[in-house]
Each structure stands twice: as structure tokens, then as C-alpha cells.
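>>> all I have is the shape, not the residue letters:
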């Protein structure tokens, strides 16, 4: 980049524009000044302002929805059948053609075809809907393999092979266990939610809900896992089992943190919150709330109606019809873990830190006291 | 006027090229991203259903914009039958019909800019979008990302240089 180009870029990224002020003389008078270059940069700079309004749809999800709705896969098959019907009669009646048809039919029925669906390695985290309604959320660079539609359901167990890392949300079916296999290990469940990761010979699993059984194929080791439990298997030797222990209670506070309040609101009104647009800057949290269905202000007023909570807030309407929350404060008498907006609506009060400690058996400085 | 007769491959190509654009066009009318995606999907399903008889009088893009607009108007009409908010309905209908379908309002260009921004290095992209999309000042970005204002400016300049390379002859 030349010194002049650097100056041009300085001028543009400083937010100045030739429409509002003239170019500096030392830029203009430079014999190497290139008006086209300057115009290119200025044009891109101006056009990029359009990004404020621009959104990006999830094309994979949209395509899947459209293909399902339009029955595109079925149409393709019908097209192939249609082509066959248009073959002239004399030709189909000829011995040679009949022979070919027979061979083709034989190949169709007896040629060993891959009965599996293998998902491509995703660049980003992606969701796969399995034929039984279970969902696998694959981490980037991961893949699963499973039997195609009917075969997946007809088998005695619902079997999925994993490479990489995924979270499985399994539909409950007592008659058909759900089994995830990796090269060396496996997990058996009926219906639950768990994370499973494999890297080379190393396997790791974390159970999130229900009960699962982790197993090592080679030596038959088994480990039953309850929610929160983690197992690690290095590829040989014993399974390392890490039993879940309840986390310490939250630190005493006289204020609800903005994050906690956002959590309460987003639990109850998740459809109105646009993900990943909450941003903390200069000690203020800015979040965007879609106003098409519900007014954030009325939600916050609801919160204020509870005597234990006092929410001070200031709002202003954003250019896209969203509210931007500039600042928000809320006072209570100690935040109860897992307190949700539904609890609030049900009239449940926040609990004090002391009450929480009494219930959980937690003693300051000593941790949890078991009976 | 000849029939186009779309096959799956060319249909998918149209989808890849125009789906997001149509969504943004609809969003500019409705300010409702979910609804916009729903209408865009209906538009593409309709296109597939009519694939054998379809004729593009101007271009596929114009056809899709026109079809999306009609689908949106149909949606508002259908909704009128289930709602008593006739004033809101009238207002929405007026907004839609005012739109010139032939002109996509520069959204195709913004789509290309968005594509080019996606090609930037992650840090440069984040800084560029915080400024251009979120409207943060350089001081605010520096504060938020715990970097100096000079680094922010340096990344903004780098972004412009790279975008110019990527968008050469495309805008």
C-alpha cells in the first residue's frame, strides 16, 4: 500500500466524505492521486452502510423446509419413472431391451447399495433431524452415519455412528433403545439428552438429562451416567468417571445482574429475543428485542409489579423497530437459582441467600454439609 | 415467451442466488424476519409447483420478486379474514403495493457486500461489522474488544482494501 493510498484510506475510515468536506490538499495535489481508486473505496464504504438493514438467512434450513414442502426428492424419482414410460413400445418389446430390463431389475434389487446417510463434515455447528424425531447437534468438523428413513426405525435399536462431537436430544422410545457408537466406545439410552465427543481413540461423554450407559467395546466396561456426570476414556485402561456435584450457590447480592435478568426474560419470552445481539459496552447492556409480538416495556412493567423486584430502565426504539435497552437495574433480596419468569408469574418470591443455603445444606466456608 | 421448465439443479441455483435477497426484500416491507422467511419459502415452493409451465417474461429475479410480493399480499389478505385490525391491514397493504418490484432497492449489492465481508479475517470482520452493522464508534469497539483505537482503524483500512479486491467488477 502506497503512502497516498494510506492517506485516502485514513480519510475514508475517519468517516469524512467528499460530500461534506473537500479532500485534503496534499492528497489532491499528489501527482499519483488516483480518482478511481478513491471512488472505489468511498463507494464500498457507503454501500457497507446497507449492512445495518441486511440479514442472513440460514440457507440449509430453508432449503430443507422448501424441499420437504415441495417434495423435491419424490419428484426426481417420478421424473425418472416418466422417462422410462416414454421409451418406444417396439424397443421395450425387443428381446435385447427385455434382457437389459431384467439385468437392470436384478441389479436394482441385488446390487449392494449403501443403506446409510452420512452427513457431510459441517463447517459450523449444525442440527440433524433423525427419522425418529431425535435431534443431533453436530459441532464443526463432526459427522454422523445412520440408516436411511424406514430402516432406521425398523432396526431393533436406533443406531448412530459418530465422528467428532455432538449433543443428542433423544426421543423416548422404550421399545427401541438409542445407541451411539464410536470406534471404541458406545452409549445406550432410551430417551435423554447428552453430549458425546470422540477424538482419535479418546472418548468423552456428558449426560445432561435422563440416564445413559457408557460402554467400552473391547473389554465390556460399563458406566451408568446420571445427569451432570462425565466420563472420559483415553482409548485404553479404565474409564474415568466424574460424578456430578452441585455447584456452589451464587454469591450473595443485593442486585440482579443484568445477565440474570436477561436470562429470566429470555426464558419466558424467548421468541422475542434475537439471539447473539446482546452486547455490553461502557457498563451498559444493549439488547435487541423484536417488538412484532410483544412490547418489552410491558414485560418490564410486569416485573416492576412484583414487590421484591424494582426494575429501573430506559429504552428507546431502534431503527429496525426494536427496542434498545440502554440501561437496566433491578434490586431484589437475593437471587434464587433457576428462578424463571414463570415462577415470577406464579407469584413465587425470590429467596434470600440464607434460605437458599438452608435448603441446599451449604454452610459458608465449609461447603455442603451432608446429613 | 418460452417455457423455462426448471429442473432440480437450476431450481437450487435460483434458491442459492435469490433466497436471502428475497428474504431481505420482504423484511424491508414487513419488519418481521420470521414472516419474511415464511413468505420467501412459500414463494419458492410455488415456483417449484409451477416449474413445468413457468415463463420468465423479464428475468428470474423479477419473477421471484413479483411472486414474493404477491404471496405477501395474499398473506395479508388471508390474515384480514381472521382479524379485526382492518386499519393495520390497510396500512400494510399500502406499504407493499407502493414498492417497485423491478427495483430491489440496492439489496443485491448489499448481498454481495455481505458475502465479501464474510470472506474477511475473523477479527477484521468483527471490527468492520461492529462499526458498519452495529453502529459502534471506534472508541466503543476498542473499549469492547480491549484493543487500541489505532488497531481498530488499521483493521477498518485492511477491510476496505480486501473488500475492494473481492468486489472488483461486482458492484
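Great, that's in hand. It should be emphasised that the depicted structure is a prediction, and the values quoted were computed from it without experimental measurement.

>>> quick one: mean pLDDT for stretch B:59-72?
Averaged over stretch B:59-72, pLDDT sits at 83.

>>> do the same with stretch A:40-55
Stretch A:40-55 shows a mean pLDDT of 85.

>>> again with stretch A:149-156
The pLDDT scores in stretch A:149-156 average 79.

>>> mind listing what's buried in that stretch?
Neighbour counts over stretch A:149-156 (16 or more other Cβ atoms under 10 Å in any protein chain shown) mark residue A:152 as buried. C-betas here are computed from N, CA, C, even on glycine.

>>> give me the contacts around it.
With contacts defined as Cβ atoms under 8 Å, 6 or more residues apart in numbering or on different chains, stretch A:149-156 is touched by A:115, A:130, A:131, A:132, A:146, A:147, A:158, A:159, A:176.

>>> just those residues: which are in strands?
A:146, A:147, A:158, A:159 (DSSP state E).

>>> which residue sits closest to the most far-flung residue of chain B relative to its centre, ignoring its sequence neighbours?
The centre of chain B is farthest from one residue, residue B:148, which by Cα atoms, centre = their mean lies 33.8 Å away. Leaving out its chain neighbours, the residue that sits closest to residue B:148 by Cβ to Cβ, 6 or more residues apart in numbering or on different chains is residue B:142, at 5.9 Å.

>>> buried sites along the helix or strand containing that neighbour?
For residue B:142, the enclosing helix or strand under DSSP states H and E is helix B:138-145. Residues of helix B:138-145 classed as buried: B:138, B:140, B:141, B:142, B:144, B:145 (neighbour count, 16+ other Cβ under 10 Å).

>>> got it, and stretch A:6-17?
A:7, A:8, A:9, A:11, A:12, A:13.

>>> give me the subset of the residues you listed that also touch chain B.
A:9, A:12, A:13 (Cβ under 8 Å from any Cβ of the partner chain).

>>> distance of residue A:51 from chain B?
Residue A:51 is 5 Å from chain B, where distance means Cβ to the nearest Cβ, to the nearest Å.

>>> and if you look at residue A:59?
From residue A:59 to chain B the distance is 6 Å (Cβ to the nearest Cβ).

>>> leaving out chain neighbours, which residue sits closest to that residue?
Using Cβ to Cβ, 6+ apart and skipping the chain neighbours, the partner closest in space to residue A:59 is residue B:19 (6.3 Å).

>>> check which helix or strand covers the one you found.
Counting by DSSP H and E, residue B:19 is part of helix B:8-30.

>>> could you pull out the buried residues of whichever helix or strand comes after that helix?
Next along the chain after helix B:8-30, taking DSSP H and E as the criterion, comes helix B:33-49. Residues B:33, B:35-48 are the ones in helix B:33-49 that count as buried (16+ other Cβ under 10 Å).

>>> right, is the next helix-or-strand element following helix B:33-49 up against chain A?
Sequence-wise, the next helix or strand downstream of helix B:33-49 (DSSP H and E) is helix B:60-80. No: using Cβ under 8 Å from any Cβ, helix B:60-80 never reaches chain A; the gap is at least 12.9 Å.

>>> next, the buried residues of helix B:60-80.
Buried, per 16+ other Cβ under 10 Å, within helix B:60-80: B:60-61, B:63-65, B:67-69, B:71-73, B:75-76, B:80.

>>> what do you get for stretch A:117-137?
A:117, A:119, A:122, A:126, A:127, A:128, A:130, A:132, A:134, A:136, A:137.

>>> report the two of the residues you listed separated the most.
Across the buried residues of stretch A:117-137, no pair lies farther apart than A:122 and A:132, at 21.0 Å, counting by Cβ to Cβ.

>>> sorry, back to before: residue contacts, the residue nearest to residue B:148?
B:148, B:149, B:151, B:152.

>>> by neighbour count, which of these wins?
Compared across the contacts of residue B:142, residue B:152 has the highest neighbour count, 25 neighbours, by other Cβ atoms under 10 Å in any protein chain shown.

>>> hang on, that residue in a helix?
Yes: under DSSP: H, G, I helix; E, B strand; the rest coil, residue B:152 sits within a helix.
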